[in-house]
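# using only what follows, build the 3D model:
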Amino acid sequence: MAWHGFTAAGPAEVGMAMLQGDETPAEVIILAYGMEEGLRGFYEKLGSQTPDHEVAALFGRLAGIEVLHKEKLYQLYRSYDPGVVDMEGLESKVESEIMEGGLTTEEFIVENRSAMKTVSDILDIAMMLEAQALDLYMRYSQKTKDSESKETLYEIAEEEKAHLAALGNLREART
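As a prediction, this is how the structure comes out:
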């Protein structure tokens with residue numbers, strides 16, 4: 001899929017190239033936690049670099065919500081591993097802040113800088129990332145048999161849907 005000069009992973013790679021489809025709920029939480037940190041870093045970095053105050057404010061809000069998602073994932077993870085007594089314990093299991101195709105936030109920005117020349121371009125990429133996060137959470141909320149996991153992942157998916165709508169509204173207002 002191409003999106004204004006940005007090449008995204010195919011459906012089998014949505015969000016993270018390393019997902020195989022047979023992960024345990026705990027493994028999905030660990031991967032999702034890293035992805036949420038990657039998105040937080042992406043929004044924080046781009047928000048601090050844009051001179052557009054409206055976009056910067058939206059990215060600031062989205063970065064804050066990604067922190068809330070991490071907290072929800074941590075609480076959910078504790079039901080699978082009660083030995084993890086704080087977020088640092090979960091973070092020690094996260095390999096890195098993962099974004100599209102398994103890239104770190106910094107690698108993603110460097111690799112895609114040429115596709116992020118305008119505010120519209122940046123909003124397009126942010127929308128693509130949110131759509132991929134939405135897809136990831138929806139797929140795993142449907143796949144898991146544990147009701148608490150299902151509910152938490154579905155709730156985060158709904159929040160990702162709201163992020164996507166907010167980005168889309170701002171993008172539409174700009175064109």
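# who are the packing partners of the lengthiest helix in the chain?
Longest among the helix segments of the chain by residue count, using DSSP state H, is helix 147-174. Helix 147-174 is packed against helix 25-49, helix 53-78, helix 119-143, with contacts defined by 3 or more CB pairs under 8 Å, 6 or more residues apart in numbering; DSSP states H and E. Yep, even glycine has a C-beta here, placed from its N, CA and C like the rest.
# with respect to residue 85, which of the ones you listed lies nearest?
helix 53-78 (8.2 Å; CB to CB).
# any weak-confidence spans in the chain?
1-22, 96-97, 100-102 (pLDDT under 70).
# how about 50 then?
1-17 (pLDDT under 50).
# which ones are touching the closest residue to residue 70 other than its chain neighbours?
Of all residues not flanking residue 70 in the chain, residue 36 sits nearest, at 4.9 Å (CB to CB, 6 or more residues apart in numbering). Contacts for residue 36 (CB atoms under 8 Å, 6 or more residues apart in numbering) come out as 66-67, 69-70, 73.
# now the longest helix of the chain: buried residues?
Under the neighbour-count criterion of 16 or more other CB atoms under 10 Å, helix 147-174 has 149-150, 152-154, 156-157, 159-161, 163-164, 166-168, 170-171 buried.
# quick one on the thing from earlier: just the buried ones out of the contacts of residue 36, please.
Buried among the contacts of residue 36 by 16+ other CB under 10 Å: 66, 69-70, 73.
# nearest to residue 124 among those residues?
Nearest member of the buried ones among the contacts of residue 36 to residue 124, counting by CB to CB, is residue 66, at 18.8 Å.
# correct me, but that closest one touches residue 33?
No. When contacts are counted by CB atoms under 8 Å, residue 66 is not listed as touching residue 33 (10.3 Å).
# thinking again about what came up before, could you dump the contacts of residue 36 to JSON lines with distance to residue 114?
Output for the contacts of residue 36, formatted as JSON lines (distance: CB to CB, whole Å):
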{"residue": "66", "distance to residue 114": "25"}
{"residue": "67", "distance to residue 114": "29"}
{"residue": "69", "distance to residue 114": "29"}
{"residue": "70", "distance to residue 114": "30"}
{"residue": "73", "distance to residue 114": "32"}
